[in-house]
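J.: Here you go, sequence then predicted model.
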There are 2 protein chains.
Amino acid sequence: MKFEAIINHINKFANPSEEEIQSFIDILELENISSREYLIKEGQYCNYNHFIVKGCFRSFFTNKKGVEKTVNFGIEDWWLTDFDSFMNKTQTQLNIQATEDAVILKVSKSNLDIVLQSSLEINKYFRVILERVRIADQRRIQFMFNLSGEELYNTFYEYNPEFVQRIPQYMLASYLGFTPEFLSKIRTKKHS
Amino acid sequence: MKFEAIINHINKFANPSEEEIQSFIDILELENISSREYLIKEGQYCNYNHFIVKGCFRSFFTNKKGVEKTVNFGIEDWWLTDFDSFMNKTQTQLNIQATEDAVILKVSKSNLDIVLQSSLEINKYFRVILERVRIADQRRIQFMFNLSGEELYNTFYEYNPEFVQRIPQYMLASYLGFTPEFLSKIRTKKHS
DNA sequence: TATATTTCTTAATCTAGATTAAGTTTTTCT
DNA sequence: AGAAAAACTTAATCTAGATTAAGAAATATA
């Protein structure tokens, strides 16, 4: 059923009782999102955290020159939100957009806070996830520092071959921190 | 006394009982670190997380060309470790070094896990801290994408004027992602 | 199945920041 | 206080990747 993915995910990182699972499930809202639809848009208040059951999203902002910069991707079993807006109730600078038809489970900050007030294991679940996100962020920062554009692409391709097929190249270029033209140059080089 | 800083910090983000605080305090080890001493070195297993009571640290790795790249700084009231090594029991690629005489409280993974097994509020404390770290990491990634070297320096200076005095410029340059020579150029421009 | 829109490629030119190298200033240690 | 080490500056040259522009493929829509 519809909560299978999230329950499996929770059980992978914590050991909640039936009641703890139930209290969490009760506050989730299922939603279908079409390709290119937005979960949140720049300027809004991001009151939800979103668990991706199916599909792919990107978060991006538009810089001074009007160029879209992809900050993150999210696929199945990832949580996606703008934490700054979600936690601090500030206006978000990010857009989160579906890159394909998707299904999500969303949870509001206020409901989540209530559950986190009384459930040790749900706290643990989010703590562990955040630890893993921290590791990923640190690794990404290290890569950005250490690798040339070409090495970044090759490394990304090596670890996520199927994902490269799943998204437009210009989004990947933006995520890796360079222009689509330069990515095109790299790919020509690689495949010849 | 010696646990004042950490207790205040915990109470800022969670609401632990006396017993929860005590169970956590019991597993902390106080340590004095001299300037330039290492908390961990590349190749070691990083079994501790470190809370900085006093002083300043930098974490860095050495790239293929032998150049040191500063990944993070930590000052009073920050936790510092290599999460990848700490969580996954892998060899760390990072060095964590004191940039001035320091006092830390360290906690081993195994002891921390025991406390986290039974204390909701200590789980919450670390979850909330990690949420804040996530926000900082995301902001940093956005800055790295969006700002020129000069803008990066000016922004950093604006938000951390006192900190710029506290560390050698070449570490800051490395943290911001460019060379000390380029930072020198920027500063000449700024102050003339 | 044709047309419009989006995405990708190629190539010429340009620029932010790297590299190298030498000299200067500051800090540390005895 | 003096020597050695560490940190910072300046300037010339070089390069990875940006920018601009125009055309070609691929996808979506009618």
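T.: Looks like it arrived, so ask away.
J.: Can you report how many residues neighbour the closest residue to residue A:43 other than its chain neighbours?
T.: Distances taken as Cβ to Cβ, 6 or more residues apart in numbering or on different chains place residue A:91 nearest to residue A:43, at 5.4 Å, with adjacent residues excluded. Every C-beta, even on glycine, is put in place using the N, C-alpha and C of the backbone. For residue A:91, the count of nearby residues is 12 (other Cβ atoms under 10 Å in any protein chain shown).
J.: pretty sure residue A:91 contacts residue A:84?
T.: No: in this structure, residue A:91 is not within contact of residue A:84 by Cβ atoms under 8 Å, at 9.6 Å.
J.: Quickly find the element holding residue A:163.
T.: helix A:161-166 (DSSP states H and E).
J.: Residues touching the helix or strand where residue A:97 lies, excluding its own?
T.: For residue A:97, the host element (DSSP H and E) is strand A:95-98. With Cβ atoms under 8 Å, 6 or more residues apart in numbering or on different chains as the test, strand A:95-98 has contacts from A:33-42, A:50, A:55-62, A:80-82.
J.: Next to DNA strand D in this structure, residues from chain A, please.
T.: Neighbours of DNA strand D within chain A, by Cβ under 7 Å from any atom of the strand: A:65, A:67, A:148-150, A:177-179, A:181-182.
J.: Pull out the buried members of these.
T.: Among these, those scoring as buried are A:149, A:177-178 (criterion: 16 or more other Cβ atoms under 10 Å in any protein chain shown).
J.: Among those, name the ones that also lie close to chain B.
T.: Restricting these to those near chain B by Cβ under 8 Å from any Cβ of the partner chain leaves residue A:177.
J.: which stretches of chain A form helices?
T.: A:4-13, A:18-25, A:83-88, A:109-118, A:120-146, A:149-159, A:161-166, A:169-176, A:180-190 (DSSP state H).
J.: partner residues bridging the residue nearest to the spatial centre of chain A?
T.: Geometric centre of chain A, nearest residue: residue A:74, 3.3 Å, by Cα atoms, centre = their mean. Here residue A:74 sits in beta bridges with residue A:57, going by DSSP bridges.
J.: in chain A, which ranges drop under the pLDDT threshold?
T.: Applying pLDDT under 70 to chain A flags residues A:191-192.
J.: Contact residues of it facing DNA strand C?
T.: So chain A meets DNA strand C at A:168-170, A:180-181, A:183-185, A:187-188 (Cβ under 7 Å from any atom of the strand).
J.: got a winner among those residues for most neighbours?
T.: Among these, residue A:183 has the most neighbours (other Cβ under 10 Å), with 20 neighbours.
J.: For that one, list the residues it contacts.
T.: A:149, A:153, A:169-170, A:172-173, A:176.
J.: and which of these is nearest to residue A:132?
T.: residue A:176 (21.0 Å; Cβ to Cβ).
J.: That closest one touches residue A:156, doesn't it?
T.: Yes: in this structure, residue A:176 is within contact of residue A:156 by Cβ under 8 Å, at 6.4 Å.
J.: the more surrounded of those two?
T.: Comparing residue A:176 with residue A:156 by other Cβ under 10 Å, the one with more neighbours is residue A:176, at 20 against 17.
J.: any idea how far chain B is from the more buried one?
T.: 10 Å (Cβ to the nearest Cβ, to the nearest Å).
J.: Contact partners for that residue?
T.: Residues near residue A:176 by Cβ under 8 Å, 6+ apart: A:149, A:152-153, A:156, A:183.
J.: quick check, nearest of those residues to residue A:162?
T.: residue A:156 (11.9 Å).
J.: That closest one touches residue A:164, doesn't it?
T.: Yes: in this structure, residue A:156 is within contact of residue A:164 by Cβ under 8 Å, at 7.3 Å.
J.: any common contacting residues for the two?
T.: Common neighbours of residue A:156 and residue A:164 (Cβ under 8 Å, 6+ apart) are residue A:172.
J.: Can you tell me which of the contacts of strand A:95-98 are classed as buried?
T.: Buried subset of these (neighbour count, 16+ other Cβ under 10 Å): A:33, A:39-40, A:50, A:55-61, A:80-82.
J.: so the residue nearest to the centre of chain A sits right up against residue A:60, yeah?
T.: No: with contact defined as Cβ under 8 Å, residue A:74 does not reach residue A:60; the gap is 12.0 Å.
J.: All good on my end, thank you.
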